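[1] Output the structure for:
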Amino acid sequence: MSKIPLPLAHRTVLRKIYTYLNELPRSYPVTKTSITNLAGIRPSLKLGDNLLRHYKQLQQDHNSQKPNSQARSSTVLPPQQQNKTSSRSTVVQQSPSSPLTALHKKITTCTQCKLHQSRHNPPPLNRSYSLPIMLLLDIVNWNDQLHGKNFTTQDGELLLKILKALNLDPKEIYISTAIKCSSTTEISNQLDIIEVCLHYLAEELALVKPELIIAFGEDTYKLLTHRSDFKTLFSTAPHSTPHTNHNIHRYKGIDIVYTHHPKELVDEPVLKQQTWQQLQPLIPRIEAIKNQAQKLSKS
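    The predicted structure is shown next:
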């Protein structure tokens, strides 16, 4: 196979992806979409095709070096690095008696739908959160799962900036997703997956007891409300002042604010103003929650 021109950054990422794919079940679909999703790169047919061809080239080169090995049956890392990789796959150790730790283990070992087949290295549970605030995304990010931690992509970095603007430290809050595993395909119509994951989310809410949920993305809105009028949240909502927020809704008795997903903001920066109009009015509420938590910690 002839060499394929590919930017150095993409080649580096792709080699990591190749190692990652070797550890997944052989039935896992390697497609243009899944490759670009794993790379954390904005999808395009041309780039997806190029990445896929380059992946096959790496696969062929590896197999030619080890004639007896099967594609995606073993990792190309040396033994020392293999051990390091496998150690990252374990769930972060928490108190064995913690109900939240037990729930997290149940989620990360769940086999009730097909998504578990591609689960590899779920981001760790933040058990040390100190504020009753939940940050809720739609689904586990592929790249976060690859690295076993949150905020590894461009949209993840933007999310950190949003939290900083709200005077929130990600270590202070509980971070979760509506769908508990990653997927390279559309899941909005796969009711079996949604039912299982939303049941887990309900259990999380019962244990975390957040006073406020900040939910990012249209898909999150659809999953929680079963509605498709996300855009009306921005087109019809009255203007908010720093001390009021007419965009607060309720989910299972908890205040929740829906806004754009950071990935949308990366793709369409014009949406940043809408997002800030949704989130800025939360600052006094967040400060009040922080002050109350501080008082409780001193009492």
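
[2] Now do stretch 191-205, average pLDDT.
    Stretch 191-205 shows a mean pLDDT of 87.

[3] What residues of that stretch count as buried?
    Within stretch 191-205, the residues that count as buried by 16 or more other CB atoms under 10 Å are Ile193, Ile194, Val196, Cys197, Tyr200, Leu201, Glu203, Glu204, Leu205. Heads up, the C-betas are built off the backbone N, CA and C, glycines and all.

[4] mind listing which of the residues you listed are in helices?
    Ile193, Ile194, Val196, Cys197, Tyr200, Leu201, Glu203, Glu204, Leu205 (DSSP state H).

[5] quick one: which of the buried residues of stretch 191-205 is nearest to His226?
    His226 lies nearest to Ile194 out of those, by CB to CB, at 9.4 Å.

[6] where's the residue nearest to the closest one when sequence neighbours are not counted, which helix or strand?
    Leaving aside its sequence neighbours, Ile194 sits nearest to Leu223 (CB to CB, 6 or more residues apart in numbering; 6.2 Å). Using DSSP states H and E, Leu223 maps to helix 218-225.

[7] returning to that earlier point: hang on, isn't the residue nearest to Ile194 packed against Lys180?
    No - using CB atoms under 8 Å, Leu223 is not in contact with Lys180; the gap is 11.7 Å.

[8] so what sits against both of these two?
    Residues touching both Leu223 and Lys180 (CB atoms under 8 Å, 6 or more residues apart in numbering): none.

[9] and Gln274, what does it touch?
    Counting by CB under 8 Å, 6+ apart, the residues that Gln274 touches are Phe234, Thr259, His260.

[10] isn't there a strand covering it?
    No - membership of Gln274 in a strand is not supported by DSSP: H, G, I helix; E, B strand; the rest coil, which gives helix.

[11] In contact with the residue nearest to Lys252 when sequence neighbours are not counted: list those residues for me.
    Nearest residue to Lys252 in three dimensions, chain neighbours excluded: Leu205, at 5.9 Å (CB to CB, 6+ apart). Contact partners of Leu205, counting by CB under 8 Å, 6+ apart, are Met134, Lys252, Ile254.

[12] rerun that using 10 Å as the cut-off
    Taking CB atoms under 10 Å, 6 or more residues apart in numbering, we find Leu205 in contact with Met134, Leu136, Tyr174, Ser176, Ile213, Tyr251, Lys252, Gly253, Ile254.

[13] Is it correct that the third one is in contact with Leu168?
    No - look at Tyr174 against Leu168 with CB atoms under 10 Å: they stay out of range, at 11.4 Å.

[14] More neighbours: which of those two?
    More crowded of Tyr174 and Leu168, by other CB atoms under 10 Å: Tyr174, with 25 against 21.

[15] what residue ranges in this protein score low on pLDDT?
    For the chain, the stretches with pLDDT under 70 are 1-97, 120-127, 141-153, 184-189, 235-246.

[16] tell me the domain boundaries of it?
    The chain breaks down by automatic domain parsing into domains covering 8-85, 99-298.

[17] Just the closest of the contacts of Gln274 to Leu296, please.
    Thr259 (28.2 Å).

[18] Buried subset of the contacts of Leu205, written for PyMOL?
    Command for PyMOL, covering only those of the contacts of Leu205 found buried under the criterion 16+ other CB under 10 Å:
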select buried, resi 134+136+174+176+213+254
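
[19] Relative to Gln112, which of the contacts of Leu205 is nearest.
    When the contacts of Leu205 are compared against Gln112 (criterion: CB to CB), the nearest one is Ser176, at 17.7 Å.

[20] wait, the closest one sits on Leu135?
    Yes - the criterion here is CB under 10 Å, and Ser176 meets it with Leu135 at 7.4 Å.
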